[in-house]
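> Dropping the sequence and predicted coords here.
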Amino acid sequence: MEVSALGLGTSEIGYEHVTQKQINDLINAALDAGLNLIDTAACYGEAEEMVGRAVSHRRSEYHILTKCGHAAGLRLADWSPELVEQSIDRSLKRLRTDHLDLVQLHSCSEEVLRRGEVTQALERERDKGRTRFIGYSGDGAAAMWAVRSGHFDTLQISVNIADQEAVEGAVAEANLRGLGVIAKRPIANAAWMPKRSGGIEWYYATYRERLEKLAYGFLFEDATAAVGTALRFTLSVPGIHTAIVGTAKPARWAQNAALLAPGKLKPSQYAAIRKRWSAVADETWTGQR
């Protein structure tokens, strides 16, 4: 599966009360600009429905990735084989398609993975042709187990300037085993920016605390350039194939795409960020879900 360097994440679409017109403008503009990867999930509010309404008529132009495992309104237990099947049924209808390109288990525990029931259910869905590939989305020990299990085609994991545990861990292992690797949170939630208001402070807090200690020099320069450096760092990590950037603002997609114009970081820039991480991070700085 050939993918664009940036993929569009849709959690903001599902959670931030965005209008259908805004979504239509956002996704169609992204497709026009060369994006071919849309990442969503059964539990992202109405994101799947909104994506389906916006671009199902352009289905041949993009790969659609979704996630399952949480009941998200279905009257079934989380992480059950029955839920996997019904969740995919629902995603197909919401997204207005006859197949999915990738279905990922959504941050389940290593214990769930080891039991094997949901993984086997996902494999059956791939065998039926309802999804082309199957993957695991998550971090830490569970991600490493998923990579080493041999069951999955892809890994989606947190990698960014404030979250580098996976660089020499699960990402390196996935690269050795030939898995596709999708980076989530690739700009560290822009957590160095002025504090946001509202009820999602928890989403930024850990990265903000880390970045205060890492004190990368480029974060104190031009804000737009800092985002570009952060994004280019993630895409410079060996083994990363695409990075999922979430936004509900049509203009933001074009801005992020433009930031990648210079390509990957120079080896010296990349090495400096990795060196700073190695000097400051401790064993508690694990991957963030």
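Now that the structure is in, tell me what you want to look at.
> any idea how far residue 253 lies from residue 260?
Using CB to CB, to the nearest Å, residue 253 is found at 12 Å from residue 260. For the C-beta atoms, the positions are set from N, CA and C on the backbone; glycine is no exception.
> So which residue is dead centre in the chain?
Residue closest to the mean C-alpha point of the chain, counted by CA atoms, centre = their mean, is residue 184 at 3.3 Å.
> Spell out the secondary structure type for residue 133.
Per DSSP: H, G, I helix; E, B strand; the rest coil, the local secondary structure of residue 133 is strand.
> Which strand residues bridge it?
Residue 133 has these beta-bridge partners by DSSP bridges: residue 102.
> Tell me if I'm right that it and residue 1 touch.
Yes - contact criterion CB atoms under 8 Å: residue 133 and residue 1 qualify, at 6.9 Å.
> quick one on the thing from earlier: so for residue 253 and residue 260, which residue has more residues nearby?
The residue with more neighbours, out of residue 253 and residue 260, is residue 253; 21 against 16, by other CB atoms under 10 Å.
> check contacts around the more buried one.
Neighbouring residues of residue 253 by CB atoms under 8 Å, 6 or more residues apart in numbering: 8, 26, 29, 30, 33, 35, 245, 247.
> Which secondary structure element is home to it?
Here residue 253, judged by DSSP states H and E, is contained in helix 250-259.
> That helix - what's its average pLDDT?
Averaged over helix 250-259, pLDDT sits at 82.
> what's the answer for stretch 181-195, then?
Stretch 181-195 comes out with an average pLDDT of 91.
> Flag every buried residue along that stretch.
181, 182, 183, 184, 185, 186, 187, 188, 189, 190, 191, 192 (16 or more other CB atoms under 10 Å).
> and if you look at stretch 102-115?
102, 103, 104, 105, 106, 107, 108, 112, 113.
> Could you list the alpha-carbon positions for the helix or strand where residue 114 lies in CSV?
Using DSSP H and E, residue 114 sits in helix 110-115. Once non-C-alpha atoms are left out, helix 110-115 reads as follows in CSV (Å, rounded to 0.1, in the frame of the first residue of the first chain):
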residue,chain,number,x,y,z
GLU,A,110,-0.9,-7.1,26.0
GLU,A,111,-3.2,-9.4,27.9
VAL,A,112,-5.9,-9.1,25.3
LEU,A,113,-3.4,-9.6,22.5
ARG,A,114,-2.0,-12.7,24.2
ARG,A,115,-5.5,-14.3,24.5
